[in-house]
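Visitor: Build me a structure from this.
(one chain, ligands or ions: 1)
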Amino acid sequence: MLEVSALAKSFGSQSVLRDVSLTLPAGEVLAVLGRSGGGKTTLLKIIAGLEAPDAGTLHLAGHDLRPLPPNQRQLVYLYQEPLLFPHLTVFENIAFGLRIRKVANGKITQQVNQLLDELDLREHAQKAPHQLSGGQRQRVSFGRALIIRPRLLLLDEPFGNLDAQTRADMQQLFLRVRQQHQMTAIFVTHDSREALTVGSRFAYLEQGQLTTFASKADFVRDARTNIQQEVRFWESISRTEN
Ligand SMILES: Nc1ncnc2c1ncn2[C@@H]1O[C@H](COP(=O)(O)OP(=O)(O)OP(=O)(O)O)[C@@H](O)[C@H]1O
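Guide: Below you'll find the model as predicted:
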């Protein structure tokens with residue numbers, strides 16, 4: 001479905017991505033874990049068409065992405081701060097992608113209402129974005145993305161600004177929606193627990209180099225993910241409590 005091969009990118013003398021390759025089959029979510037500055041956002045921006053690679057190839061469903069401008073790539077790039085139209089209601093924000101495609105009103109109402117239900121937003125349909133919480137705004141932004149049925153979702157720390165409980169709720173909602181819509185996505189995060197929760201495939205990006213793992217067990221075992229260290233920490237805490 002998505003095939004990235006030998007991607008490279010430098011800014012001036014700084015090499016930000018080196019020989020990055022990945023294959024993502026339809027319906028899978030690749031969780032990309034990495035520390036700040038490792039090149040995660042740059043990778044997503046290149047796939048989205050917001051930055052040009054220096055070398056390498058990108059194919060989505062067999063089509064070469066490189067000649068296509070962002071709006072013809074059939075993908076959506078979502079980041080921490082949801083971009084919503086401030087003057088439109090929640091309903092109209094979600095409907096927007098269908099309105100510009102001149103879809104019939106009845107069909108728009110039906111599809112938007114279905115998404116409002118799936119995203120637990122029905123009671124907020126007539127509110128403006130500034131009347132919503134951060135988690136609710138992020139759900140509207142999911143709705144806006146899903147309504148146009150993109151081939152690929154690119155998620156850049158989408159829940160990074162939310163408190164721990166809302167973040168955990170959003171991860172569960174993501175899993176539900178992912179299943180309903182058979183989503184293919186790349187989900188970038190600093191948080192290993194989030195990566196393990198949302199991902200069906202796993203990768204680690206450090207200093208521009210991407211390691212992809214054959215299994216969740218391999219990902220957990222890799223010392224750079226810090227997961228085993230964290231497990232040992234919680235085990236030591238529970239031992240001191242007993
Ligand atoms: N337009 C740009 N011009 C120059 N340098 C850039 C540009 N964009 C990113 N960089 C540099 O590339 C490196 C990787 O940045 P990137 O945003 O991809 O990292 P990241 O892994 O997403 O980090 P974070 O998790 O903090 O967002 C950083 O050192 C950054 O300063």
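Visitor: switch to C-alpha atoms for all contacts and neighbour counts from now on
Guide: Fine.
Visitor: what does the helix of greatest length in the chain contact?
Guide: Longest helix of the chain, by residue count under DSSP state H: helix 164-181. Contacting residues not belonging to helix 164-181 are listed as E118, L119, G135, F159, G160, M183, T184, E194, T197, V198 [CA atoms under 8 Å, 6 or more residues apart in numbering].
Visitor: Show me just the buried residues among those residues.
Guide: Listed as buried from those are E118, L119, G135, F159, M183, T184, E194, V198; burial here means 16 or more other CA atoms under 10 Å.
Visitor: State the distance from the second one to the ligand.
Guide: Per CA to the nearest ligand atom, to the nearest Å, L119 is found 26 Å from the ligand.
Visitor: Tell me how far the nearest residue to that residue once chain neighbours are set aside lies from A48.
Guide: Excluding the flanking residues, the one nearest L119 by CA to CA, 6 or more residues apart in numbering is R139, at 6.2 Å. Using CA to CA, to the nearest Å, R139 is found at 21 Å from A48.
Visitor: Ok, R66 next?
Guide: Per CA to CA, R66 is found 10 Å from A48.
Visitor: And for the nearest residue to R99 once chain neighbours are set aside, the neighbour number?
Guide: Spatial nearest neighbour of R99, excluding adjacent residues (CA to CA, 6+ apart): I108 at 7.7 Å. For I108, the number of neighbouring residues by other CA atoms under 10 Å comes to 21.
Visitor: Please enumerate the helices of the chain.
Guide: Here the chain has its helices, by DSSP H, at 40-48, 90-99, 105-118, 134-146, 164-181, 192-198, 216-221, 227-241.
Visitor: Can you give me the buried ones in the fifth one?
Guide: Along helix 164-181, the positions that meet the burial threshold by neighbour count (16+ other CA under 10 Å) are R167, A168, M170, Q171, L173, F174, L175, V177, R178.
Visitor: interface residues of the chain facing the ligand?
Guide: Contact residues, the chain versus the ligand (CA under 6 Å from any ligand atom): F11, V16, R35, S36, G37, G38, G39, K40, T41, T42.
Visitor: Let me see the contact set for the third one.
Guide: For R35, the contacting residues are H190, L205, E206, by CA under 8 Å, 6+ apart.
Visitor: For these, give me TSV that also has pLDDT and neighbour count.
Guide: Conversion of the contacts of R35 to TSV gives the following (pLDDT from 0 to 100; neighbours: other CA atoms under 10 Å):
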residue	pLDDT	neighbour count
H190	91	17
L205	94	23
E206	92	18
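Visitor: Any chance of CSV for the helices of the chain, columns mean pLDDT and distance to A6?
Guide: Formatted as CSV, the helices of the chain follow (pLDDT from 0 to 100; distance: least, CA to CA, whole Å):
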stretch, mean pLDDT, distance to A6
helix 40-48, 95, 12
helix 90-99, 94, 33
helix 105-118, 93, 37
helix 134-146, 89, 28
helix 164-181, 87, 28
helix 192-198, 92, 24
helix 216-221, 92, 22
helix 227-241, 81, 28
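Visitor: The ones you listed: which one's closest to M1?
Guide: Closest of these to M1 is helix 40-48, at 13.0 Å (criterion: CA to CA).
Visitor: Need the residues that contact that closest one.
Guide: With CA under 8 Å, 6+ apart as the test, helix 40-48 has contacts from 16-17, 32, 34, 51-53, 58, 65, 70, 73, 75-77, 154, 156, 188, 205.
Visitor: Mind giving me the PyMOL command for buried ones among the residues you listed?
Guide: To isolate the buried members of the contacts of helix 40-48 in PyMOL, using 16+ other CA under 10 Å:
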select buried, resi 16+17+32+34+53+58+65+70+73+75+76+77+154+156+188+205
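Visitor: so of the contacts of helix 40-48, which ones are in strands?
Guide: Per DSSP state E, strands hold the following members of the contacts of helix 40-48: V16, L17, V32, L58, L75, V76, Y77, L154, D156, V188, L205.
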